[in-house]
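Visitor: structure for this input, please:
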Amino acid sequence: MFQAEACLYAWNFLTDILRIPADRLYVTYFSGDESMKLEEDRECRDIWIKLGVPENRVLGFCSNHNFWEMAETGPCGPCTEIHYDLIGNRNAQELVNSDNPTVVEIWNLVFMQFSRDISGRISSLPTLYIDCGMGFERLVSIVQGLHSAYDTDLFLPLMKIIHKCSKVGEYGGQLKDINSSKTDTAYRIIADHLRAACIMISDGVQPGSRNRGLVSS
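Guide: Model (predicted):
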């Protein structure tokens, strides 16, 4: 039952602390994989149902979506994800894990239970671990009632600085569709690079021609 507390903490943080409507959330779990000789993670499924998630919002997916591994070998395990429906007031089951931009993953709990060796054989780990991945920027946009992280107060100050320095039109918030603005796309790219550069410099990485300095250049 090492999964139960992690699921509870994630759910309570989203619904009680951040006040995200529970009726917009969908949960996925590992449905098993015959090639790896791994059964469905029914324990995880049952935990979510006990927490009050309706059964039709607890969805099983194969290893392509709900089994995490960092490489061909090493620690790995089934995972459970929480997805948020940006639209609401509809049945969005079919949109989960379908690359639909209106249903986004905001939380991932990886249950590190196994290790894969070079032959592909999976064995149990002596100690169990949980890896938590939370989409911070996505959560900020959801809490602020926006559809894009670039419209949040995380990025808008950067957009204003870029506008001041570039002397081009202001950032308009147009996303990738038929009316998408190339200027807005450029704003987002520059903002991403500026933020990455600031983080690297704060960690002592200076632009250069070798090693990690080359990456930051």
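Visitor: could I get the buried residue list for the helix ranked longest in the chain?
Guide: For the chain, the helix with the greatest residue count under DSSP state H is helix 182-202. Residues 184, 187-188, 190-191, 200 are the ones in helix 182-202 that count as buried (16 or more other C-beta atoms under 10 Å). The C-beta positions use only the backbone N, C-alpha and C, and glycine is treated the same way.
Visitor: of those residues, closest to Ser98?
Guide: Arg188 (23.8 Å; C-beta to C-beta).
Visitor: so for stretch 99-116, mean pLDDT?
Guide: For stretch 99-116, mean pLDDT is 96.
Visitor: now swap in stretch 162-169 and tell me
Guide: For stretch 162-169, the per-residue pLDDT averages 93.
Visitor: dump the residue contacts of the residue of the chain positioned farthest from its centre.
Guide: Distance from the C-alpha centroid of the chain, by C-alpha atoms, centre = their mean, peaks at Lys167 (34.3 Å). Contact partners of Lys167, counting by C-beta atoms under 8 Å, 6 or more residues apart in numbering, are absent.
Visitor: could you give the backbone dihedrals for it?
Guide: Backbone torsions of Lys167, given as degrees, to the nearest 10, read phi 60, psi 30.
Visitor: offset the numbering so it begins at 48, please.
Guide: Got it, first residue is 48 now, which makes that one Lys214.
Visitor: how about Asp80, phi and psi?
Guide: Dihedral angles (degrees, to the nearest 10) for Asp80: phi -150, psi 110.
Visitor: burial measure for it, as a count.
Guide: 17 (other C-beta atoms under 10 Å).
Visitor: wait, a helix at Gly107?
Guide: No - using DSSP: H, G, I helix; E, B strand; the rest coil, the assignment for Gly107 is strand, not a helix.
Visitor: what sits against it?
Guide: By C-beta under 8 Å, 6+ apart, the neighbours of Gly107 are 75-79, 87, 92, 113.
Visitor: do the same with His112
Guide: Counted by C-beta under 8 Å, 6+ apart, His112 has contacts 75, 128, 144.
Visitor: check which helix or strand it maps to.
Guide: helix 110-113 (DSSP states H and E).
Visitor: what segments of the protein are strands?
Guide: 72-77, 105-108, 114-116, 121-132, 150-163, 169-181 (DSSP state E).
Visitor: mind listing what's buried along the third one?
Guide: What it means is strand 114-116. 114-116.
Visitor: and for the fifth one?
Guide: Residues of strand 150-163 classed as buried under the neighbour-count rule (16+ other C-beta under 10 Å) are 150-163.
Visitor: show me which pair in those is furthest apart.
Guide: Val150 and Ser162 (32.3 Å).
Visitor: pLDDT score for the nearest residue to Leu222 once chain neighbours are set aside?
Guide: If you skip the residues right next to it in sequence, Leu222 has Ser195 as its closest partner in space, 6.1 Å away by C-beta to C-beta, 6 or more residues apart in numbering. Here the pLDDT value assigned to Ser195 is 90.
Visitor: all set, thanks.
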